[in-house]
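*Asks:* Okay, sequence plus prediction incoming.
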Amino acid sequence: MINRGNQVKIVSIATSKKKGTIKKCIDQAELIENHGIKEDAHAGDWHRQLSFLAAESIEKAGTLEFKLNFGDFAENIATTGIDWKSQKIGQRVSLGKDALVEITQIGKECHKKCAIYYRTGDCIMPKEGVFAKILKGGTIKVGDEITLVD
């Protein structure tokens, strides 16, 4: 589902050097075809090269006492205007001017409690995160539009 009232766009891009850790926000990233974000721990030859989470979900997970930041759930890309968990596996998504990705997994199983769980008290990534593989690389930046491709 896309919220027609809001522009569908990238509001955060985050990477990390190690899996299971909070990611650091950056202004732009290079997506490498069939690999992932250049220098991100989750990049590689597998089906979860890139992860998405709705900024609206991140905001709802926070409390007045505990503010959450982009990257806290180890998501690569936070977005506005799209409900990722309502998308279908195989859906193609255009990011910015050049990049094209395909959704490969919705949600995930957490095998152990990671740094994100201990910091936030819960992890929404297993329930609301979406994963994709890179079909066509390109540079993406915060503010870029997102389009679902038929």
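*Replies:* Sure, I can see it. Residues are numbered from 1 along each chain as shown.

*Asks:* Tell me how far the one residue sitting closest to the centre of the chain lies from Glu102.
*Replies:* Against the mean C-alpha coordinate of the chain, by Cα atoms, centre = their mean, the closest residue is Phe52 at 2.0 Å. From Phe52 across to Glu102, the span is 12 Å (Cβ to Cβ, to the nearest Å). Heads up, the C-betas are built off the backbone N, CA and C, glycines and all.

*Asks:* shared neighbours of those two, which are they?
*Replies:* Residues touching both Phe52 and Glu102 (Cβ atoms under 8 Å, 6 or more residues apart in numbering) are Ala132.

*Asks:* Okay, now the unreliable bits of this structure?
*Replies:* 1-6, 63-66, 108-124, 126 (pLDDT under 70).

*Asks:* 80 instead, please
*Replies:* Residue ranges of the chain with pLDDT under 80: 1-6, 20-21, 61-68, 108-126.

*Asks:* Can you list the strands that the helix or strand harbouring Thr79 pairs with?
*Replies:* Following DSSP states H and E, the helix or strand that holds Thr79 is strand 77-80. With DSSP bridges as the test, strand 77-80 is paired with strand 9-15 (antiparallel), strand 50-54 (parallel).

*Asks:* What helices and strands are in contact with the next helix or strand after the first one?
*Replies:* Scanning forward in sequence from strand 9-15, with DSSP H and E defining helices and strands, the next element found is strand 24-26. Applying 3 or more Cβ pairs under 8 Å, 6 or more residues apart in numbering; DSSP states H and E, one finds that strand 24-26 contacts strand 9-15.
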